[in-house]
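Q: Next come a sequence and a model predicted from it.
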Amino acid sequence: MLLILVVVLFVVGTSVASPVVENQSRPQVLSYEMDTGNMPNSYNFHYNTSDGSSRTEEGNMINTGMGAPALDVLGAVRWFDEKGNQYEMTYKAGKRGYRTIIKKIS
């Protein structure tokens, strides 16, 4: 179940961070780090791409006090629009649902 959630969040985040535009080459991954050494208790990853977009995420299992543990996820995605403005979406998913904040950085 944890792996499915990680994959879903990865697909959603990458589709937001780098939309497919006709006649535009796909950005190349410049750096990628992933730590799953403590799975299923926690994970984290980070990547940067050639178009200036990036994503960082960490997930941790937390004790909700109600029996089964829950996954708590924090992350951020950065990208540029067609005018060169940079945006950042931060997100948190956990027992209170999925929340995002999008802001223009430059």
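A: Nice, I can see it.

Q: What are the boundaries of the strands in the chain?
A: 29-35, 42-49, 54-62, 70-80, 86-94, 97-104 (DSSP state E).

Q: partners of the second one, with directions?
A: Each strand paired with strand 42-49, and its direction, by DSSP bridges: strand 29-35 (antiparallel), strand 54-62 (antiparallel).

Q: Over to the longest one?
A: In the sheet containing strand 70-80, its partner strands are strand 54-62 (antiparallel), strand 86-94 (antiparallel), by DSSP bridges.

Q: now the angle from that strand to strand 97-104?
A: Put simply, strand 70-80 runs at 20 degrees to strand 97-104, going by axes from the mean of the first three to the mean of the last three CA atoms, to 10 degrees.

Q: my guess is residue 34 meets residue 56, correct?
A: No: between residue 34 and residue 56 there is no contact under CB atoms under 8 Å: 11.1 Å. Quick note: C-beta positions are derived from backbone N, CA and C, even for glycine.

Q: Find the residue ranges of this protein scoring beneath the pLDDT cut-off.
A: The chain contains residues with pLDDT under 70 at 1-24, 64.

Q: Quick check: chain neighbours aside, which residue is closest to residue 28?
A: In space, and not counting its chain neighbours, residue 28 is closest to residue 50: 4.4 Å by CB to CB, 6 or more residues apart in numbering.

Q: count of neighbours near that neighbour?
A: Residue 50 has 11 neighbours, counted by other CB atoms under 10 Å.

Q: if I look at it, how far off is residue 57?
A: Remark: distance between residue 50 and residue 57 (CB to CB, to the nearest Å) = 20 Å.

Q: before we move on, what about residue 27?
A: Shown here: residue 27 relative to residue 57, a distance of 18 Å by CB to CB.

Q: what about residue 34 and residue 56, which has more around it?
A: Remark: of residue 34 and residue 56, residue 56 carries more neighbours, 17 against 12, as counted by other CB under 10 Å.

Q: I'd like to know how many residues surround the residue lying closest to that one once chain neighbours are set aside.
A: Once flanking residues are discounted, residue 56 sits nearest to residue 46: 4.6 Å by CB to CB, 6+ apart. Neighbour count of residue 46, defined by other CB under 10 Å: 16.
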